[in-house]
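Colleague: Sequence and predicted structure, then a few things I'm wondering about:
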Amino acid sequence: MYIINGALGSPYSMKMRALMRYRRIPHLWVHGADSRDALSKVKAPVIPVMEYPDGTFHNDSTPLIYDLEARHSERSVIPPDPAHAFIAHLIEDFADEWVTKAMFGYRWLEEVDQIQMSRWLAFDAMKGGGLATSQGYAEQFRARQVGRMAIVGCAAENFPLIEASTRAILGALETHVVDQHCLFGTRPSMAEFGMYGQLSQLGVDPTAQAMMRKDFPYSFRWLLHIDDMSGITGKWDTADAPFAPIITAWLQQVGEIYMPFLLANAAAIAAGEDSFHITAMGLPYTQGVFKYQVKCLADLRARYAALDAHARARIDPLLAQTGCLEALLSQ
């Protein structure tokens, strides 16, 4: 039995819980105060922390997905076609590293969201202790998170780009989900779960939820479907099937925003600089450098380089059209 030590307010926790449910891998869900001890068992104290049946502890959601694939073959979330698998990974990485800024920005920029979500997250974490204690903790947590806004690239001056990107992502999803739920057939891949994790938080936080209910109602409802797909038995698209339009739309966001973001971050670190700046969708964005995202870029390039010539030939036109290819080829 696996144990997911996570939080309802953590996009990566919700991502892994939904994935485990779909894969029908036996697990327990532990959150709040009951999950704190698990953080001391891993090098980087970030959730979710998954306790394996052998008593070992692991975190970092994307490596967890691949490790679970190696351990459990049934109901895989990796498309069997290598080209499709690469695109699924690229979208999942985009969700983890860029779309997460929407979650953070919507949650901590406006006072109404700060108050509501700090109190709810404190309630989740404490599970008792009295209202005064809970709200006191909420204020401390709120101050900490708001203080981190600039560090994670979610300062107010960056939010116009984050919001424009989010609306483009949701617009494509809204069009897609009324025709079909998944991206690579009638069963979900790691891409859906990665995007679900981030968007699950927008479906809860006051300002973002109101936006989704008003402008993207079917995407809002889709979140509840992806949360538990344990009853779904679908099929993968064949290797020669055309990509759904949503994949092109989302990859356009990757090519226009995420790839320039990764390249600028890597260049700034190589130059010994503390921050970097990009302009995308006609809007400015500035952030401090992050070493982890240099690893993300290197990993994407390595995965692309590992594709055989046939797989590359099938996706290179799409990657070129959407502005993704050049960054994957650069070294």
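Modeller: Happy to help now that I have it.
Colleague: in this protein, which spans are strands?
Modeller: In the chain, the segments counted as strands under DSSP state E are 2-6, 27-31, 49-51, 57-59, 275-280, 283-288.
Colleague: so what strands line up beside the second one?
Modeller: In this case it means strand 27-31. Strand 27-31 sits in its sheet next to strand 2-6 (parallel), going by DSSP bridges.
Colleague: what distance separates the strand it pairs with from the centre of its chain?
Modeller: Strand 2-6 has its C-alpha centroid displaced from the chain centroid by 18 Å (CA atoms, centre = their mean, to the nearest Å).
Colleague: still on that earlier bit, nearest to Ala306, out of the strands of the chain?
Modeller: Nearest to Ala306, of all these, is strand 57-59, at 23.5 Å by CB to CB. (C-beta placed from N, C-alpha, C; glycine too.)
Colleague: re earlier: including distance to His84, mean neighbour count and mean pLDDT, could the strands of the chain go into a markdown table?
Modeller: A markdown table is the format used below for these (distance: least, CB to CB, whole Å; neighbours: other CB atoms under 10 Å; pLDDT from 0 to 100):
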| stretch | distance to His84 | mean neighbour count | mean pLDDT |
| --- | --- | --- | --- |
| strand 2-6 | 27 | 22 | 97 |
| strand 27-31 | 27 | 17 | 96 |
| strand 49-51 | 26 | 24 | 96 |
| strand 57-59 | 26 | 18 | 94 |
| strand 275-280 | 26 | 15 | 97 |
| strand 283-288 | 30 | 17 | 96 |
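Colleague: quick one: average confidence on the longest helix seen in the chain?
Modeller: The residue-count maximum for a helix in the chain (DSSP state H) belongs to helix 159-177. Mean pLDDT, helix 159-177: 98.
Colleague: any chance you could map the helices in the stretch 51-200 of the chain?
Modeller: Ranges of helices within the stretch 51-200 of the chain are 61-71, 82-94, 100-108, 111-126, 131-147, 159-177, 190-202, based on DSSP state H, counting those that start in this stretch.
Colleague: Need the winner for burial among the ones you listed.
Modeller: Greatest average neighbour count among the helices of the stretch 51-200 of the chain goes to helix 190-202 (a mean of 26), per mean count of other CB atoms under 10 Å.
Colleague: mind saving the C-alpha coords of it as PDB?
Modeller: Output of helix 190-202 as PDB, limited to C-alpha atoms (Å, rounded to 0.1, in the frame of the first residue of the first chain):
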ATOM      1  CA  MET A 190       0.500  12.300 -17.700                       C
ATOM      2  CA  ALA A 191      -0.300  15.600 -19.500                       C
ATOM      3  CA  GLU A 192      -3.900  15.600 -18.400                       C
ATOM      4  CA  PHE A 193      -2.900  14.900 -14.800                       C
ATOM      5  CA  GLY A 194      -0.200  17.600 -14.800                       C
ATOM      6  CA  MET A 195      -2.600  20.200 -16.100                       C
ATOM      7  CA  TYR A 196      -5.300  19.000 -13.800                       C
ATOM      8  CA  GLY A 197      -3.100  19.500 -10.800                       C
ATOM      9  CA  GLN A 198      -2.600  23.200 -11.500                       C
ATOM     10  CA  LEU A 199      -6.100  23.900 -12.700                       C
ATOM     11  CA  SER A 200      -7.600  22.100  -9.700                       C
ATOM     12  CA  GLN A 201      -6.500  25.000  -7.500                       C
ATOM     13  CA  LEU A 202      -8.100  27.600  -9.900                       C
END
